[in-house]
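>>> I'll drop the sequence and a predicted model, then ask my questions.
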Amino acid sequence: MGGLAHDEVAALYEAYGHLVRRRCGLTLRDAALADDALQEVFLKALRYGSEVKSAASPLAWLYRVADNCCYTLRKKITAPSPPPAAEPSWHPVHHLEARNGVLAALAGLPERDVRVAMLAFVDGLSQGEIADEVGWSRQTVNRKLQEIRERALVRLRGDDD
């Protein structure tokens, strides 16, 4: 498993860097950690990125690497930081309160479930696309998303005490 040339990584960064940074920021909720994760993603592309050439979507490959980098960084954090008060939501139709509830609900999920939630709620992939990405059936993806929604609603209502 080899890496990419500097010009190939530069082209990937130019095309997808802002999207990867956004995803890292949403996942980590800390600008400095998101920048660290972004740098780590493209270092991994430089060292081990030959797989991106054969990937169906370079962005999907970068997102997978970004998710892993973010989860590794998150595990190193001993105390979670509160979300910034004026943080914008990821989509105009989502309210900040609902977004924070979803992020809180994701905090206790297994990494694969978090990945499914990110693909659905952040990236806007369909259930069929998510199923292809994670290797589950569409019905399993549907069930997992329902569980995540229900968990988020419980957190939003404050019923989880």
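Perfect, thanks for sending it. Numbering: from 1, shown residues only.
>>> show me what contacts residue 118?
The neighbours of residue 118, taking Cβ atoms under 8 Å, 6 or more residues apart in numbering as the test, are 23, 26-27, 67, 106. In short, each C-beta sits where N, CA and C put it, glycine included.
>>> Please pull up the helix or strand immediately following the one helix or strand residue 41 maps to.
Assignment of secondary structure by DSSP states H and E places residue 41 within helix 31-48. Using DSSP H and E, the helix or strand that directly follows helix 31-48 along the chain is helix 51-54.
>>> Does anything pack onto the helix or strand just after that following helix? Which helices or strands?
Sequence-wise, the next helix or strand beyond helix 51-54 is helix 58-76, with elements assigned using DSSP H and E. With contacts defined as 3 or more Cβ pairs under 8 Å, 6 or more residues apart in numbering; DSSP states H and E, the packing partners of helix 58-76 are helix 6-28, helix 31-48, helix 51-54, helix 111-117.
>>> Return the distance of the longest one from the chain's centre.
Between the centre of helix 6-28 and the centre of its host chain there is 13 Å, according to Cα atoms, centre = their mean, to the nearest Å.
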